[in-house]
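Enquirer: curious how this folds, go ahead:
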Amino acid sequence: MTKLSTVDTPAGPFTAVVDSDGAVLASGWTARLDELLPQVSPKLLSEPPTEAADLGEVTRAIRAYHDGDLHVIDAIPVRQCAGPFLEHAWEVLRKVPAGEPVSYTEFAALAGRPNAVRAAASACARNAAALFVPCHRVLRSDGSLGGFRWGLPVKRWLLNHESRNPGT
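Expert: So this is what the prediction gives:
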């Protein structure tokens, strides 16, 4: 059974949609399910999620991350479905360290396609599992924030939060 839960965080309400095995299918700084579900592949969502007060490890990780434990999200499983490059790029994003943002150009190179900067940017834009696949850690080459589905104030908050809590 697919479940969802919303947690209040310093960056705003954060909702996660989790499959029956605990894998995050979608997540982001919103309380609106209609802002999350369009990013989830229909192959992964066979039924509408039901609300739950708590999602166990996922809820604990969301709270712990926002409290300063930046690495707790690394162990949470994520499931996204797309083409091979996007799926690989999302795995690469999970390895970008907190507090060490990269440019879209660097991200494309890390994903093995240094000339595919637009494809790398598309991987960020199509990422359904924000936070757990930390697309907020990718910046423009001039260091500016670029875009973020959940708004630039949230992206700025996340980057500041990670720079204040390095190594935690």
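Enquirer: which residue of the chain sits farthest from its center?
Expert: The C-alpha centroid of the chain is most remote from Asn115, which lies 23.7 Å away (Cα atoms, centre = their mean).
Enquirer: and that residue, how far from Gly99?
Expert: Asn115 sits at a distance of 28 Å from Gly99 (criterion: Cβ to Cβ, to the nearest Å). Using the backbone N, CA and C atoms, a C-beta is placed for each residue, glycine as well.
Enquirer: over to Arg79?
Expert: 26 Å.
Enquirer: between those two, which is the more surrounded one?
Expert: Neighbours were counted for Arg79 and for Gly99 using other Cβ atoms under 10 Å; Arg79 has more, 19 against 16.
Enquirer: how about the more buried one: what's its closest non-neighbour residue?
Expert: Ala23 (4.1 Å; Cβ to Cβ, 6 or more residues apart in numbering).
Enquirer: how about Leu139?
Expert: Counting by Cβ to Cβ, 6+ apart, Leu139 lies nearest to Pro101, which is 5.1 Å off, once chain neighbours are set aside.
Enquirer: tell me the contacts of the one you found?
Expert: 137-139, 159 (Cβ atoms under 8 Å, 6 or more residues apart in numbering).
Enquirer: pLDDT value on the spatially most central residue of the chain, please?
Expert: Per Cα atoms, centre = their mean, the C-alpha nearest to the average position across the chain is that of Ala130, at 1.8 Å. At Ala130, the pLDDT value in this model is 97.
Enquirer: so for it, what's the nearest residue that isn't a sequence neighbour?
Expert: Per Cβ to Cβ, 6+ apart, closest to Ala130 is Gly28, 4.4 Å.
Enquirer: neighbours of the one you found, how many?
Expert: 24.
Enquirer: same check, this time on Leu70
Expert: Neighbours of Leu70 using other Cβ under 10 Å come to 22.
Enquirer: returning to what we had before: show the pLDDT at the residue nearest to Ala130.
Expert: The model's pLDDT for Gly28 equals 97.
Enquirer: show me what contacts it?
Expert: Applying Cβ under 8 Å, 6+ apart, we find Gly28 in contact with 14-15, 35-36, 130-131, 149-150.
Enquirer: could you give the bridge partners of it?
Expert: Here Gly28 sits in beta bridges with Thr15, going by DSSP bridges.
Enquirer: so how far is Val17 from it?
Expert: With Cβ to Cβ as the criterion, Gly28 and Val17 are 10 Å apart.
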